[in-house]
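Asker: Just to be clear, the model below is a prediction. Sequence and coordinates:
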Amino acid sequence: PKISVSSFMGYLKGKSSLLMFDRHANLKYKYGNRKFWAEGYYVSTVGLNEATIRKYIREQENADIAQDKLSLKEYENPFDK
């Protein structure tokens, strides 16, 4: 391979994040620090079963919800008041 998995994931998440903020400017009020994606990523070889993938997604969603509760005030749109 010419590119490592970690390099590819960094590129993919970085470029897609920039694209989202460029196309949807209102997201900057929700994601003020421009961190559109969660830290890290999950990569595995083929053969993973559906239950394992669902568990990973559920745990990631729970972590995101917990983080949102901690930082919700920080990114309020000042013009919505």
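Answerer: Nice, I can see it.
Asker: From now on I want contacts and neighbour counts done on CA atoms only, so please keep to that.
Answerer: OK.
Asker: Let me know the average pLDDT across stretch 13-21.
Answerer: Across stretch 13-21, the average pLDDT comes to 84.
Asker: if we look at it, which residues are touching it?
Answerer: Counting by CA atoms under 8 Å, 6 or more residues apart in numbering, the neighbours of stretch 13-21 from elsewhere in the structure are Leu27, Lys28, Arg34, Lys35, Phe36, Trp37.
Asker: Just the buried subset of the residues you listed, written out for PyMOL, thanks.
Answerer: Buried residues within the contacts of stretch 13-21, as defined by 16 or more other CA atoms under 10 Å, are selected in PyMOL through the command that follows:
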select buried, resi 27+28+36
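Asker: In helices only, show me the contacts of stretch 13-21.
Answerer: Leu27, Lys28 (DSSP state H).
Asker: Can you name the helix or strand that Ala51 falls in?
Answerer: Of the helices and strands defined by DSSP states H and E, Ala51 is found in helix 50-71.
Asker: Buried residues, that helix. List them.
Answerer: For helix 50-71, the neighbour count (16+ other CA under 10 Å) marks no residue as buried.
Asker: can you tell me the average pLDDT over it?
Answerer: Here the mean pLDDT over helix 50-71 is 77, rounded to a whole number.
Asker: Give me the residues contacting that helix.
Answerer: Contacts made with helix 50-71 from outside it, assessed by CA under 8 Å, 6+ apart, are listed as Ala38.
Asker: Out of the contacts of stretch 13-21, which comes closest to Val5?
Answerer: Each of the contacts of stretch 13-21 was scored against Val5 by CA to CA, and Trp37 proved nearest at 16.7 Å.
Asker: May I have the phi/psi pair for that closest one?
Answerer: phi -100, psi 150 (degrees, to the nearest 10).
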